[in-house]
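Chemist: test case, fold it:
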Amino acid sequence: MKCVQNKVDGHKFWVDSKYEMTNSKILGGTRYRLVCSAFDTKKKRKVAIKRVRPFAKDEWEETQALREVFLLKRLRPHPNVRR
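Modeler: Reported below is the predicted structural model:
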């Protein structure tokens, strides 16, 4: 997998080179999580990419981020969840 850096509305995303992000926009997020749109050039479909940053300022935010990562890993057999 070859990763490339893309900027979406001033935010950096490191993604596989198969994702086209020229017309991407931020779909939502919080201080430590952002979701943006992208296009998968191999499967020819729109996708959403989530970036999780490990910079929690307090224990509650840290716990929430870890819980989210744990749940996403548990959903991994689902075709819409990728690492």
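Chemist: what about residue 48, how many neighbours?
Modeler: Residues near residue 48, counting by other CB atoms under 10 Å, number 12. (C-beta placed from N, C-alpha, C; glycine too.)
Chemist: leaving out the residues flanking it, which one is nearest to it?
Modeler: Computed as CB to CB, 6 or more residues apart in numbering, the closest residue to residue 48 that is not its neighbour in sequence is residue 35, at 5.4 Å.
Chemist: same check, this time on residue 21
Modeler: Residue 21 sits nearest to residue 6 (CB to CB, 6+ apart), 4.2 Å away.
Chemist: contacting residues for the residue nearest to the spatial centre of the chain?
Modeler: Per CA atoms, centre = their mean, the C-alpha nearest to the average position across the chain is that of residue 50, at 1.8 Å. Shown in contact with residue 50 (CB atoms under 8 Å, 6 or more residues apart in numbering): 33-35, 72.
Chemist: out of those residues, which are buried?
Modeler: residue 34 (16 or more other CB atoms under 10 Å).
Chemist: quick one: strands adjacent to the host helix or strand of the residue nearest to residue 48?
Modeler: Following DSSP states H and E, one finds residue 35 within strand 33-40. The sheet places strand 33-40 alongside strand 19-20 (antiparallel), strand 26-29 (antiparallel), strand 45-52 (antiparallel), with pairing taken from DSSP bridges.
Chemist: pick the most buried one from those strands.
Modeler: Stretch with highest mean neighbour count among these: strand 19-20 (a mean of 16; mean count of other CB atoms under 10 Å).
Chemist: which residues of this protein fall in helices?
Modeler: For the chain, the helices defined by DSSP state H occupy 59-74.
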